[in-house]
Structures are given as C-alpha cells and as structure tokens.
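Novice: model this:
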Amino acid sequence: MKRGRSPNNHHRRVRSPVTNQPTNRTTTTRYYISTGAKSNYYTLRYSFEEYVSEDSTVTRDYHICNLSINKDEAITKAQALGYDLNIDLNIDFDVLPIGTRRKIDWSILQGGKYAGQSIHEVRDIDAGYLVWLCENCATSRAYAETVELAKALVASELATRKDARDAIKIEREALVVAFAPIADIFDRTYPIHVQVGHHQWEYTGEGRNSFVDDVVATLRRGIQISYSAADILIDKVAKESGRRNSKAYRKAYDSLLEIVTPAIKP
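Specialist: Next up, the predicted model:
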C-alpha cells in the first residue's frame, strides 16, 4: 500500500507488559494519509509502536476512515475530523480512478509461506511448492494469474505427476475389471440366524450383510481387501456347501480362496 510522508510525531503513555500499569515509557504515535487496498481512495490511518516486552516493540496500524478520491478534499476532511492533527498534509502520490486497480506483479506470491517472494526464487528453493500451487489453486482468484506464470517454471514436474496419475488411473481401471467377477461372488443375500439360547440359533431368512456390502463396494472400486475380510466372505459362502471344517466346506473354501487371492492385499 502506498503511503504519504511520515507526519510529525507525538508520544503516548503505555502500560507495562509485566504489571499492566501505566509507565513513563513512551511510544511513537502518528496519523497519516494513505490509500486503501485498491489504491482508489485517500484514507486516514493511525499507527503507533506498542511495547510487547521490556526491550521490544511492534507497530500497530489501523484504518480510521475513507476521505475522498480528490486530494484537496481529502486534506480538508482530514483537518476537519478533530484528531490530534500532527498530519503531514503534503501528499505526494495520486490514487487510481474508481473501478481501476493498481498494477500487480503476479510473479510475486501474494500469500502463503513464500508471500512477497518471486516464483523464480521459490522455483530454486522449493519447486514442490509451485507444483502444489498449480494443482490446488488454479481456480483461486488470488492465485490464478500467478499459477499461469508458475506452470511454465514447473512444467516438467507437472507433466511427471500427471503421467503418474494417469498410470495409476489405468491400473485402477484394470483392477476394477479384474475384481468385478470376485465382487459378483459375494454380492448376494446370506442366511440370517438369531440366537435364541445358549449355543442355539434360529434361521430367520435371507438378507443383506452390511459388512459384506462394504467389502464388495471396495472390490468394485478396484481396491484390494485385507486377508481377514476375504476370510469372512469366503467363510460365509463356503458354509453353504457344508458345515465348517467339513470336506465339502474345505473344498469350497480352498476353491474360493484361489479365485479371491489376486484381490487380497499382499
């Protein structure tokens, strides 16, 4: 933000950062005429140095009000506001017409951890940040133009990442096709039993199983499942061939395991 010359200074008492009581230590205070963020208006601002410890200060700076788009009128308004008018009224800058914006160098990052630095500087120290910026902030109004400039600097990195994503997508699509017959085996209803006594269960009919449905959905996305999940599903289907650990059960279980193995995480 462009600012006018510093005005004459006066002093104000501050409170001790330790006791919060007024001290004899003073801090510089000033009012000055500046411009708004868009450089379209003269504004009145107020700043002072505030003690944050016994030997250090920080600058506080606040907007008071807009004045005018006309320089002489802005000075007149500033004089009429009744503040401590230690204001340097020799304004040596102009504001932009309403509706226009100051020219911004979009090669300078406007925010983020490298705010204020050139994308060329950031390319040399952290190219990954520019890659992230291009992939995540292209639609941001604050970064769109910077992203377009940055793309040329990290074109090879962006191309490499795109190739990697494309390869993953092709592999995933192939797994979706490969796992579809496996998902079909388990995508069904299962017998439902309700416990009615100690070691006694009563068959109540067929129904969907939410756990099985979740695993089937995972397979249909081309994602491998854990061995324990596969074991539960195979067990449910194999029990339809015979009671657990019977020859018929073991035969069905082993046959299903051979089919399902490609979809099990290593």
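
Novice: can you list the residue ranges for helices in the chain?
Specialist: Taking DSSP state H, the helices of the chain run over residues 71-80, 119-125, 127-136, 144-153, 155-186, 210-220, 227-238, 247-260.

Novice: mind putting these into JSON lines with distance to residue 42?
Specialist: Every residue, glycine included, has its C-beta placed from N, CA and C. Below are the helices of the chain laid out as JSON lines (distance: least, C-beta to C-beta, whole Å):
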{"stretch": "helix 71-80", "distance to residue 42": "4"}
{"stretch": "helix 119-125", "distance to residue 42": "33"}
{"stretch": "helix 127-136", "distance to residue 42": "35"}
{"stretch": "helix 144-153", "distance to residue 42": "28"}
{"stretch": "helix 155-186", "distance to residue 42": "44"}
{"stretch": "helix 210-220", "distance to residue 42": "62"}
{"stretch": "helix 227-238", "distance to residue 42": "69"}
{"stretch": "helix 247-260", "distance to residue 42": "75"}
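
Novice: now mean pLDDT too, for these, in CSV please.
Specialist: CSV is the format used below for those (pLDDT from 0 to 100):
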stretch, mean pLDDT
helix 71-80, 80
helix 119-125, 90
helix 127-136, 91
helix 144-153, 90
helix 155-186, 94
helix 210-220, 93
helix 227-238, 93
helix 247-260, 94
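
Novice: okay, those helices in TSV with mean neighbour count next?
Specialist: Formatted as TSV, the helices of the chain follow (neighbours: other C-beta atoms under 10 Å):
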stretch	mean neighbour count
helix 71-80	15
helix 119-125	15
helix 127-136	17
helix 144-153	17
helix 155-186	13
helix 210-220	16
helix 227-238	17
helix 247-260	15
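
Novice: for residue 110, which of those is the nearest?
Specialist: Of all these, helix 144-153 sits nearest to residue 110, with 6.9 Å by C-beta to C-beta.

Novice: helices or strands up against that closest one?
Specialist: Judged by 3 or more C-beta pairs under 8 Å, 6 or more residues apart in numbering; DSSP states H and E, helix 144-153 is in contact with helix 119-125, helix 127-136.

Novice: show me the contact partners of the shortest one.
Specialist: Contacts of helix 119-125 from elsewhere in the structure, counted by C-beta atoms under 8 Å, 6 or more residues apart in numbering, are 107, 108, 109, 114, 129, 130, 146, 149, 150, 153, 154.

Novice: same thing but 6 Å
Specialist: For helix 119-125, contacts defined as C-beta atoms under 6 Å, 6 or more residues apart in numbering pick out 107, 114, 129, 130, 150, 153.

Novice: list the contacts for the third one?
Specialist: It refers to residue 129. residue 122.
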